[in-house]
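S.K.: for reference, the sequence and a predicted model appear below.
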Amino acid sequence: MELPRLEPLWQKYKDQGLQIVAVEANRDREGALKFIEENNLTYRFLEEVEAEGEKVVPTLISGGYPTSYLIDREGKVVFAHLGFDEGDEVKIEEEIRKLL
Amino acid sequence: MSRLSFALFLACVALLGWGCHPADHGGSHAADAFEAAKDAAESAYKDAESFDEKLEIARGFLTSYPESEDTGEVLELIGGDALEAGRPEAAYELADAVLTRIEDPKVELQVKMKIAALHGKTGRQDELAGLAAELAAGHELRYRELYPLMEAAVEAQAWELAIEQAETSLAFATAEAYKEDSPDVSDADAAKYGERRIAYSLANKGWAQFNLGRAEEAFESFESAKDSSVYNFLGVDDTPLTRYWGQALLRQGEAVEAMELLATEAIFGSASEALDVYREAYSACHDGADGFDEHLWDTRRQRARAIPDFELPDYDGGTVAFADFKGDVVLLAFWFPT
């Protein structure tokens, strides 16, 4: 999912109980902060942990980047998405509306 | 996501990642010149409007820097675009021209592997078999070469060759071999990913056997592959096993079994091909694809699994636990800046 395209979704649904959380997987803090600032992204950003042997991201995804999960109010993943196509944000929005 | 758009996505990744490692051209001036040439080629390639333009950019870059570590990437990129433009010959010619200009056996192997992949996509079975034999005789091939050769053979429907490559690659499907290839990984991960190689090779072997009409052996291979599969918390293994197995069941007329097998991988996996086979199985069960989208949503809800709790740092010095978001709908995205 292309991150700047998530910003409008966040603005539109944040008051209805949507959280958007982006995890930067390469620990490129400088690059990440620059990207976040340049694109005025206001949702939550986390980063992979430092320790080599205790990485978290590989326990959560297996397919590559960008991967996104849509998770319902019970904490269950109901939608998984790899890559980004033009128009994907429409599909993601449809799925979000079903859950809110 | 369609197969084409996924290929494009990979091509974008390849393009963006096109060369982070300039070869040693002796001194930082040469390295700077290389970086500048690469940046210029990259941006020109992105802006190019026709395949011929792209071809000339790639040719220019590879003529100046035939032996950089990016040679393989560039050939892969132009290979993909050549196929899309219906001009595979152009990619073959360029690869052959590059081969005459390189001396480093590692780069030579890289280039020949790209040619093998191209043979896979163009279905040139004899050329692929010849090249695979040549590579096996001239290089010490390891898993990173053997599995793409296996994939190319499957793609070219060169089933005997696929079985041969799958069997050869199994020698490297061990924790020890994985650790030799990636010395930085933990022993636990080496064991896990070494095992996963078995699943991957056996999935391809089974599919080749099935296509040779050896269904019983094929299903045995699939069963063994399953024993070595590594599933994530969603129940997805992201190898082609489920897709091949499901396709085999479908061709045997067992569409209900195929659907059951495929559902999780089709819905939560990253390969769109699994979803395509699942849709096919659904259509076979329901006399057409009507109602498939509704079915998909229902099945998603049924098969949804809880994401394991995790804790990660934010950029303000704090730590965030996923449990903090419970009760909300969460869109969780994994990314890295390019």
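M.R.: Sure, I can see it.
S.K.: tell me the SS of the residue sitting nearest the centre point of chain A?
M.R.: Taking C-alpha atoms, centre = their mean, the centroid of chain A lies closest to A:Ala22, which sits 3.9 Å from it. Assigned with DSSP: H, G, I helix; E, B strand; the rest coil, A:Ala22 falls in the strand class.
S.K.: who's in contact with it?
M.R.: For A:Ala22, the residues meeting the contact criterion (C-beta atoms under 8 Å, 6 or more residues apart in numbering or on different chains) are A:Leu3, A:Leu6, A:Leu41, A:Tyr43, A:Arg44, A:Phe45, A:Leu46, B:Leu332, B:Ala333, B:Phe334, B:Trp335. Heads up, the C-betas are built off the backbone N, CA and C, glycines and all.
S.K.: which one of the residues you listed is nearest to B:Asp316?
M.R.: Checking these against B:Asp316 by C-beta to C-beta gives A:Phe45 as the nearest, at 9.7 Å.
S.K.: wait, a strand at that closest one?
M.R.: Yes: counting by three-state DSSP, one finds A:Phe45 located in a strand.
S.K.: quick check: buried residues in stretch A:92-100?
M.R.: With burial defined by 16 or more other C-beta atoms under 10 Å in any protein chain shown, the residues of stretch A:92-100 counted as buried are A:Ile92, A:Glu93, A:Glu95, A:Ile96, A:Leu99.
S.K.: out of the residues you listed, who's near chain B?
M.R.: The residues of the buried residues of stretch A:92-100 that also fall near chain B, by C-beta under 8 Å from any C-beta of the partner chain, are A:Ile92, A:Ile96, A:Leu99.
S.K.: in TSV: the residues you listed, plus distance to B:Arg144.
M.R.: Formatted as TSV, the entries for those read as follows, by distance: C-beta to C-beta, whole Å:
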residue	distance to B:Arg144
A:Ile92	35
A:Ile96	40
A:Leu99	41
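S.K.: mind checking which of the buried residues of stretch A:92-100 land in helices?
M.R.: When DSSP state H is applied, these are split such that A:Ile92, A:Glu93, A:Glu95, A:Ile96, A:Leu99 fall in helices.
S.K.: all strands for the chain, in order.
M.R.: In the absence of a named chain, this looks at chain A. A:18-24, A:44-47, A:67-71, A:76-82 (DSSP state E).
S.K.: look at chain B instead
M.R.: Listed in chain order, the strands found in chain B under DSSP E are B:305-306, B:311-313, B:319-321, B:329-335.
S.K.: what residues sit buried inside the second one?
M.R.: In terms of neighbour count (16+ other C-beta under 10 Å), strand B:311-313 has its buried residues at B:Leu312, B:Pro313.
S.K.: now do it, average pLDDT.
M.R.: Averaging pLDDT along strand B:311-313 yields 94.
S.K.: thinking again about what came up before, for the ones in helices among the buried residues of stretch A:92-100, give me TSV that also has pLDDT.
M.R.: Shown next, in TSV, are these (pLDDT from 0 to 100):
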residue	pLDDT
A:Ile92	87
A:Glu93	92
A:Glu95	88
A:Ile96	92
A:Leu99	90
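S.K.: spit out the contact partners of the residue of chain B found nearest chain A.
M.R.: The shortest separation between chain B and chain A is 2.9 Å, found at B:Ser270 (distances taken as C-beta to the nearest C-beta). Contact analysis of B:Ser270 by C-beta under 8 Å, 6+ apart lists A:Ser62, A:Gly63, A:Gly64, A:Thr67, A:Ala80, A:Leu82, A:Gly83, B:Val236, B:Asp238.
S.K.: so which of these is the closest to B:His29?
M.R.: If you rank those by distance to B:His29 using C-beta to C-beta, A:Gly64 comes first, at 36.3 Å.
S.K.: state the pLDDT value of that closest one.
M.R.: 76.
S.K.: what of B:Ile78?
M.R.: In the predicted model, B:Ile78 carries a pLDDT score of 96.
S.K.: contacting residues around the closest residue to it other than its chain neighbours?
M.R.: Counting by C-beta to C-beta, 6 or more residues apart in numbering or on different chains, B:Ala58 is the residue found nearest to B:Ile78 once chain neighbours are left out, at 4.3 Å. With contacts defined as C-beta under 8 Å, 6+ apart, B:Ala58 is in contact with B:Ala41, B:Tyr45, B:Val74, B:Leu75, B:Leu77, B:Ile78, B:Leu94.
S.K.: returning to what we had before: could you dump the strands of chain B to JSON lines with distance to B:Tyr65?
M.R.: Below are the strands of chain B laid out as JSON lines (distance: least, C-beta to C-beta, whole Å):
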{"stretch": "strand B:305-306", "distance to B:Tyr65": "48"}
{"stretch": "strand B:311-313", "distance to B:Tyr65": "39"}
{"stretch": "strand B:319-321", "distance to B:Tyr65": "44"}
{"stretch": "strand B:329-335", "distance to B:Tyr65": "30"}
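S.K.: just name the most buried of those.
M.R.: Per-stretch averages of neighbours, counted by mean count of other C-beta atoms under 10 Å in any protein chain shown, single out strand B:329-335 among the strands of chain B, with a mean of 23.
S.K.: what angle separates it from strand A:76-82?
M.R.: 30 degrees (axes from the mean of the first three to the mean of the last three C-alpha atoms, to 10 degrees).
S.K.: who does strand B:329-335 pair up with?
M.R.: Partners of strand B:329-335 in the sheet, by DSSP bridges, are strand A:18-24 (parallel), strand A:67-71 (antiparallel).
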